[in-house]
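Q: Here is the input, now give the coordinates:
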Amino acid sequence: MGRPVKWRLPVYSTIHKILCNPIYAGAYAFGRTETRTRVVDGRAHKTRGHQREREEWIVLLREHHEGYIDWDTYERNRRLIADNAQMKGYDGAGRAARGAQSARGTSALRTLRKEASRCLFR
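A: Below is the predicted model of the structure:
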């Protein structure tokens, strides 16, 4: 029969990777990351996984397969995630600022949670 499924609470990084992956919106992408090499103490030092700008990706085929969401929704979600990641709505100490920016950040998180729940558990 195989091993039983073990359900766990979602981890932020896992949800972030799912929502930010173009495959989620039905696109095939290749070359989203790169390896960088620099010389340290006379030896080559390689670091992998550096994100490239979309214009630098080697391949991006939209509508490659059926996605969980359409491309426009994917793009909107990416903007919401980027707005949250830049700590918009927070002061320098990481505390929520009062006013519209704080409400926008909260709204963005709420929207992404709904989208993730709707798509992951359909």
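
Q: mind checking the SS state of residue 37?
A: What DSSP: H, G, I helix; E, B strand; the rest coil gives for residue 37 is strand.

Q: Okay, and the beta partners of it?
A: The partner list for residue 37 in beta bridges (DSSP bridges) reads residue 46.

Q: Hmm, it is touching residue 50, no?
A: No. Between residue 37 and residue 50 there is no contact under Cβ atoms under 8 Å: 11.1 Å. For every residue, glycine as well, the C-beta is placed using N, CA and C.

Q: Show me the shaky parts of the chain.
A: Scanning the chain for pLDDT under 70 picks out 85-122.

Q: quick one, strands of it?
A: 28-30, 33-40, 43-51, 59-61 (DSSP state E).

Q: Report the inter-axis angle for the third one versus strand 33-40.
A: For strand 43-51 and strand 33-40, the angle between their directions (axes from the mean of the first three to the mean of the last three Cα atoms, to 10 degrees) works out to 150 degrees.

Q: Alpha carbons of strand 43-51, in CSV - could you do that?
A: The C-alpha trace of strand 43-51 is given here as CSV (Å, rounded to 0.1, in the frame of the first residue of the first chain):
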residue,chain,number,x,y,z
ARG,A,43,40.3,29.4,-6.2
ALA,A,44,37.0,29.4,-8.0
HIS,A,45,34.0,29.8,-5.6
LYS,A,46,30.6,29.0,-7.2
THR,A,47,27.3,30.0,-5.7
ARG,A,48,24.1,28.6,-7.2
GLY,A,49,20.4,29.7,-7.2
HIS,A,50,20.8,33.4,-8.0
GLN,A,51,17.4,34.6,-9.4
